[in-house]
Every structure is written in structure tokens, then in C-alpha cells.
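**Q** Build me a model:
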Amino acid sequence: MTLAIILLIVLALLFDFLNGFHDSANSIATVVSTRVLSPRYAVIWAAFFNFLAFFFFGLHVANTIGKGIIDISIMDKAIIFGTLVGACGWNIITWYFGLPTSSSHALIGGMIGAALVKSGTKALLWKGIIKTVSFIIISPILGLILGWALGVIVYWLCRKSSPLKVDHIFRKGQLVSAAFYSMGHGGNDAQKTMGIIASLLFSAGLLGDKYYIPMGVIIACYTAIALGTMFGGWRIVKTMGQKVTKLKPVDGFCAESGAAITLFMASQFGIPVSTTHTITGAIMGIGSLKRLSAVRWGVAGRIVWAWVLTIPCSALISAVAYILARRS
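**A** Numbering: from 1, shown residues only. From the prediction side, this is the model:
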């Protein structure tokens, strides 16, 4: 294994770490904003279940990223470099401005940008791209619907209970919903980096003539995203937990449960979705159940614009990085 490949694997794991760091707010925002857990304990809780996903999920998402977005035959070290620089660069920019954007779509944008520079549109696998991009719209809507529907059911079931009793029950229940959401986060997001590293190893001839995900890569990626979550992205916590809508423990339970169901379904079908989009939609769903004005739609609109810009901006950064890598 050459030094260049080792450095690219390190860069991929750095992206995975940044993914956890950037998305940690998604995992802990509701449980922190409802004061069920302190930020310190919340990130440890989320990180543990990020890694636990290793035992429950297949590798469908990793295979989609590895060989379903761009033609694997054109994959080389420069494309991987451009992809990771584009994704990491956009993650850092949006982290600085406190915007909960999608690490998943930043990675896909990075792949598209580098592939376009190298081989043009013929390198793009439109079936995988369309399936993934469509979930920019589908996953937040599904999260919103499920968050809203769970809210309707739970509020109806608890209609005769006192607010104090409901709060007591769902402060415990939210620990469970936060755990399942974090498991869904790890099960979907960690696999994206697995696909990138496996593609790199395959293109270098280190996997033989058959593409697969080595066990060492699987463990390393789950570990990296869990560590990133543990260190946390505190700038984004405030946006997700307080600026979109104010939450109670029962609200947090419904939002996290709705988002977790969405992530589990997407991972089962091998669709690399944005955990950010999903939990934001679910939070809006439970917030709008009270009244539409409970959701701060101006903040939500700013978040949506960041989503729209993610793929083209990360693709642009990736294209520049690819050109520089080829010239060096």
C-alpha cells in the first residue's frame, strides 16, 4: 500500500470524523434542548449508539456510494482526493456558519465534481444520483409526516394525563428515541465513507477483481463517526435545538422516532440520505402540530438554502481540488 493511498484513507476517516462532528447536533439537539441530558452526556450517548449500528445494519448504503454514483472504472486517487476535499471543505464552511447541512450530499457532490472534470457526464450513474438527490426532498417530508403523525397519536393517548406525568414518561422515553436515531445516523452515514475507502482500495487493485468492504474498513469508519459525534458540533446544536422550534420531551421523542424510522427504511434500501434533512423535517412536523407559527420558518428557510447549495458547492470545490491533484 503506497503512502498516497494511506494518506487518502486517513483523509476519508477525517471526513467521517467531521461527519460525526458536524452531525452530532442532529443526534443530540432534541435531547439537549428538552434538558433530558446535558450536552456532555448526550454526545457520549449518541456516539455509543453510532458505533452500535455496526451490529444491526448491512452494507447497502456503502455499496451505493462505492459503485452506484459514478463509474467505478474511472475511480483513481485524484478523484478520491477531490471528493474528500470538496466534502470536508463544505462541511467546515457550513459548520463555521452554524448551518446543519448534509455531509452525505457534500460527499456525493464531491464525487460528481471530480468525475465531471475527468470524464464528463458519461461517468455519472444517473439512477443512483437521482435516487439519492430525490431524497433531499423525500427524507425531510417523510420525517415531517412521521413526526407529525406520531405527535398526533401520542398527544391523543396522553390527552387525559397531567403535563407533569407526560413530561416524566417522555424524559425516559426520549433516551430510547435518541438511541434509535443515533443508531440510524451511524448506520447510514458511516457507510458512505466505507464506500469511498473500498472504491479507493479496489481501484488500486488491493481488493482483487471483486469489490467488497473489508471488515477493518467497517470498524474504522464506525469508530471515526462515533468519535466525531463525541467531540460534537456545538455551533449547530443551538440552531437545531432552539431556533427551529421549542421542544418538550414528548416532542423530542416524536421527532427522533419519526427521523429514526425514516433512516432505518432508507438504510435498508441502500439510499444514502441526509440525517440532517430528516431530523429537521421531523422537528418541523412536531412543531407545526401545535401551530404553524411555532416553527421559525425564516430559520428553516435559511437551512433549506444551505441544502440546495450543498451538492453544487461541494462539486465546485472538488473539481478544483481534482485539477490541482492532477497537476501536482
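
**Q** For the stretch 1-150 of the chain, give me the ranges with low pLDDT.
**A** Scanning the stretch 1-150 of the chain with the threshold set as pLDDT under 70 gives 1, 25-27, 99-100.

**Q** Which stretches in it count as strands?
**A** Remark: no strands are assigned in the stretch 1-150 of the chain by DSSP state E, counting those that start in this stretch.

**Q** What is the burial count for the residue lying closest to Val152 once chain neighbours are set aside?
**A** Sequence neighbours aside, Leu289 is the residue nearest to Val152 in space, at 6.7 Å (criterion: Cβ to Cβ, 6 or more residues apart in numbering). For glycine as for every other residue, the C-beta is placed from the backbone atoms N, C-alpha and C. If you count neighbours by other Cβ atoms under 10 Å, Leu289 ends up with 21.

**Q** before we move on, what about Ile219?
**A** With other Cβ under 10 Å as criterion, Ile219 counts 13.

**Q** That one and Phe54 touch, don't they?
**A** Yes: using Cβ atoms under 8 Å, Ile219 is in contact with Phe54, at 7.1 Å.

**Q** Which residue ranges of the stretch 151-300 of the chain form helices?
**A** 163-203, 215-231, 234-238, 249-268, 275-290, 297-327 (DSSP state H, counting those that start in this stretch).

**Q** most packed of these?
**A** helix 275-290 (a mean of 28; mean count of other Cβ atoms under 10 Å).

**Q** circling back: dump the residue contacts of the residue nearest to Val152.
**A** 148, 151-152, 155 (Cβ atoms under 8 Å, 6 or more residues apart in numbering).

**Q** Does Ile225 touch Ala190 like I think?
**A** Yes: counting by Cβ under 8 Å, Ile225 touches Ala190, with 4.4 Å between them.

**Q** For Arg326, which non-adjacent residue is closest in space?
**A** Nearest one to Arg326, counting by Cβ to Cβ, 6+ apart, is Ala78 at 5.3 Å.

**Q** List the buried residues in stretch 83-95.
**A** By neighbour count on 16 or more other Cβ atoms under 10 Å, the buried set for stretch 83-95 is 83-91, 93-95.

**Q** Which members of those residues are the farthest-apart pair?
**A** Thr83 and Trp95 (18.4 Å; Cβ to Cβ).

**Q** how about low-confidence regions in the stretch 151-300 of the chain?
**A** 232-246, 290-300.

**Q** repeat that for 90
**A** Scanning the stretch 151-300 of the chain for pLDDT under 90 picks out 155, 158-175, 177-179, 181-182, 185-190, 192, 203-211, 226-253, 255-256, 267-300.

**Q** Please pick out the residue of this structure most distant from its centre.
**A** Lys160 (37.5 Å; Cα atoms, centre = their mean).
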